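# Using only what follows, build the 3D model:
(chains A and B)
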Amino acid sequence: MTTATAMYTRPKSLLDMDMFYCAGCGHGIVHRLIAELIDEFDLRSRMIGVAPVGCSVTAYDYLDIDFSESAHGRAPAVATGIKRSRPDCFVLAYQGDGDLASIGMAEIIHAANRGENYTTIFINNTVYAMTGGQMAPTTLDGQRASTCPNGRDPATMGHPIRICEMLDTLQGPSLIARTMIDGPAGVRKTKALLKKAFEAQLDGRGFSLVEVLSPCPVYMRMDPTEAMEHVRKNLSAYYPVKVFREPTE
Amino acid sequence: MPKRVLTAGNEALAEGAIRGGCDCYFGYPITPQNELITYMSVNMPRLGRVFVQAESEVAAINMVYGAAAAGKRAMTSSSSPGISLKQEGISYLAGAELPCLIVNVQRAGPGLGSIEPSQADYWQATRGGGHGGYRVIVLAPCNAQEMHDFPGLAFDLADKYRIPAMILADGQLGQMMEPVALSQTTPQPPPKPWALTGANGREHNIVRSYLPRAGLLEVHNKHLLAKYAEIEKHEVRHETLEMDGAKIMLVAYGTSARLAGGAVGLARKEGVAAGMLRPQTLWPFPTGAIRSQLEQVAAVLVVELSSGQMCEDVRLAVEGRRPVHFLGRVGGGVPTVADILEKIREVSAAL
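Reported below is the predicted structural model:
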């Protein structure tokens, strides 16, 4: 006779809701990792999340913590306002690539430069997904999107922007890292990096950002397996997965 | 007895905000309100409160949004072009029902315009200014004392109704030095059970204006409209000058009211029965107060540093029952007391 033991259950901080994300989307995976970390660090009673404009605007429907929406691109400013006024709270901003690297470029650079002591999770899936798959600042050269139907042409549209490399020129940030959701190993590595970023804030080290290369099968025009493959092969070829800096002892 | 100091309007306002319980200030440099941000940069940190010079007007208003969402008394200040940049954020604040204070020390426009005083942002202030249809409470000080007293009042009203409040001043009020009795009140912000503090032993709070499910947004907007109706009922403020027996009623606010008030005094000396009604709240507008004078007055004269923006609200109040005359200057021009007196004589002669 054997006794069944639950080895893997829903994190307490992940609400029992059907997520509206598409099949194979990276958001649901990263939400779960956040929920696990909220539970592991016991942060619910002092945590405030900032949701962006984009697919993850309703992250507060899934994560059982205090949450604020922010205007498009302004999550770093909203997070600054929250963290400065409640320094004892743990503040997490969650942004996509259109939000952070295009309309909100000024806010993220200056929040990073001030070394604001909050944590950013930056989901880079190379498209504006919520609005229907338009070209993002991170769309790869040649990649097709609804506003570059013949593929991104760097001659007129510029090359994709590498955010971690750009922020790594500043003195303010304590942790900058890029990871990817390309399968179980990538998910585990992502969680380990998110944990380091959480610790950076908890230790008062200042601004931390983890960029997550993430699949969007619908607008990558692939099935979920191919999209993860695409993240591993093509996204990480242009956006190297690495730790740019982390707090030193 | 409260301490009296000689101070410029911008600094009087900054000190008034501090005494009114401002926890957090976020701003960006722009003339003619730079004394305000400078005063805050010195005094907020000294008091252990939050001061951040933001990278832009847009960032500043969104920092206000964050601090207001966290339940703190937060403010920003700017001048006309900067206030235009903040409008998206103000719409979000209104939609999410976040109390805060926004100060507009107006300069002349459109565009980069000039740093001379102006009242040409009246429409922007009183009609919401951003997208989506909303209101903010708009207070119009007319001297350094009101510049000092209105921030505390604005914070109280903003907290009471969970609505952004704006102080609409101008470059002249910001720069002019006058004696001010410093506020001695102790701010008493109400409890904010909706604020983001960390979900300690309660359900999680969400600050939002995104209501995508069918019907929810209309319900929310109707709730906002009901709140606006309450504010219109209870929070109208105005002052009258020489209205006993007045046949000509001037309506003016802020800097214009100081000039118009001077002209009213001179007209009375000439035996012309002029008086003045000065709105202290531009929204809610003193429609009823203006209407209640119409039995007595034969004509109305509106004086503004604009092409006649408040004049439209006065005409809506008067409903065509009396002639409404207008005297204004645009693009930073300021009428003299003599200009206004001449206009009063003209209106009087036509009665």
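
# now the helices: where do they sit in chain A?
Using DSSP state H, the helices of chain A run over A:26-41, A:75-85, A:97-98, A:105-114, A:154-157, A:163-167, A:184-202, A:217-220, A:224-230, A:236-238.

# want to throw the ones you listed into TSV with distance to B:His234?
Just so you know, the C-beta spots here come from the backbone N, C-alpha and C atoms, and that holds for glycine as well. Converted to TSV, the helices of chain A look like this (distance: least, CB to CB, whole Å):
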stretch	distance to B:His234
helix A:26-41	42
helix A:75-85	29
helix A:97-98	43
helix A:105-114	38
helix A:154-157	55
helix A:163-167	49
helix A:184-202	44
helix A:217-220	51
helix A:224-230	57
helix A:236-238	60
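
# Quick one: closest of those to chain B.
Within those, the stretch nearest chain B is helix A:75-85; the backing value is 2.4 Å (CB to the nearest CB).

# Is the closest one positioned near chain B?
Yes - using CB under 8 Å from any CB of the partner chain, helix A:75-85 reaches chain B at A:76-85.

# what angle sits between that helix and helix A:105-114?
Orientation of helix A:75-85 against helix A:105-114 (axes from the mean of the first three to the mean of the last three CA atoms, to 10 degrees) gives an angle of 40 degrees.

# tell me what helix A:75-85 is packed against?
Helices and strands touching helix A:75-85, by 3 or more CB pairs under 8 Å, 6 or more residues apart in numbering or on different chains; DSSP states H and E, are strand A:47-51, strand A:90-96, helix A:105-114, strand A:119-124, strand B:24-27, strand B:50-53, helix B:57-69.

# from the ones you listed, which stretch is densest packed?
Most buried of the helices and strands packed on helix A:75-85, by mean neighbour count (mean count of other CB atoms under 10 Å in any protein chain shown): helix B:57-69, with a mean of 31.

# Now do the same contact list for B:Gly261.
B:241, B:252, B:276, B:278 (CB atoms under 8 Å, 6 or more residues apart in numbering or on different chains).

# how far away is the last one from chain A?
By that I understand B:Arg278. 35 Å (CB to the nearest CB, to the nearest Å).

# what's the answer for the third one, then?
As for B:Met276, its distance to chain A is 41 Å (criterion: CB to the nearest CB).

# what about that residue, which SS state?
Put simply, B:Met276 is strand when judged by DSSP: H, G, I helix; E, B strand; the rest coil.

# any idea which of the residues of helix A:75-85 next to chain B is the one closest to B:Leu173?
Distances from B:Leu173 to the residues of helix A:75-85 next to chain B, taken as CB to CB, are shortest for A:Gly81 (27.6 Å).

# Can you check what pLDDT the model gives the nearest residue to A:Lys195 once chain neighbours are set aside?
Nearest residue to A:Lys195 in three dimensions, chain neighbours excluded: A:Leu37, at 6.1 Å (CB to CB, 6 or more residues apart in numbering or on different chains). Note for A:Leu37: predicted pLDDT of 98.

# swap in A:Met1?
Confidence score, pLDDT, at A:Met1: 62.

# Quick check: which ranges of the chain have low pLDDT?
You didn't pick a chain, so chain A it is. A:1 (pLDDT under 70).

# try again with chain B
Using pLDDT under 70, the flagged stretches of chain B are B:1.

# and the gap between the residue lying closest to A:Pro87 once chain neighbours are set aside and A:Ile163?
Excluding the flanking residues, the one nearest A:Pro87 by CB to CB, 6+ apart is A:Asn117, at 7.4 Å. Distance, A:Asn117 to A:Ile163, by CB to CB, to the nearest Å: 19 Å.

# The two: who's more crowded?
A:Ile163 (25 against 22; other CB atoms under 10 Å in any protein chain shown).

# list the contacts for the closest residue to that one other than its chain neighbours?
The shortest distance from A:Ile163 to any non-neighbouring residue, by CB to CB, 6+ apart, is to A:Ala101 (5.4 Å). The contact partners of A:Ala101, by CB under 8 Å, 6+ apart, come to A:108, A:124, A:136-138, A:161, A:163.

# tell me the SS of the nearest residue to A:Asp66 once chain neighbours are set aside?
Leaving aside its chain neighbours, A:Asp66 sits nearest to B:Leu196 (4.2 Å; criterion: CB to CB, 6+ apart). Using three-state DSSP, the three-state assignment for B:Leu196 comes out as coil.

# Correct me if wrong: B:Leu196 contacts B:Asn205.
Yes - counting by CB atoms under 8 Å, B:Asn205 is a contact partner of B:Leu196 at 5.6 Å.

# At which residues are the strands of the stretch 1-150 of chain B located?
Ranges of strands within the stretch 1-150 of chain B are B:4-8, B:24-27, B:50-53, B:74-78, B:100-106, B:137-139, based on DSSP state E, counting those that start in this stretch.

# that older thread, have a look at B:Leu196 and B:Asn205 and say which one is more surrounded.
B:Leu196 (28 against 22).

# ok so, going back, where's the residue nearest to A:Ile163 relative to B:Ser56, distance?
From A:Ala101 to B:Ser56 the distance is 17 Å (CB to CB).

# and what of B:Pro279?
32 Å.

# Check B:Leu266 too.
Taking CB to CB, one finds B:Leu266 at 46 Å from B:Ser56.

# circling back: could you check how many residues crowd around the residue nearest to A:Lys195?
Neighbour tally, A:Leu37, other CB under 10 Å: 21.

# so of the helices of chain A, which one's packed in deepest?
Greatest burial across the helices of chain A, using mean count of other CB under 10 Å, falls to helix A:75-85, with a mean of 31.
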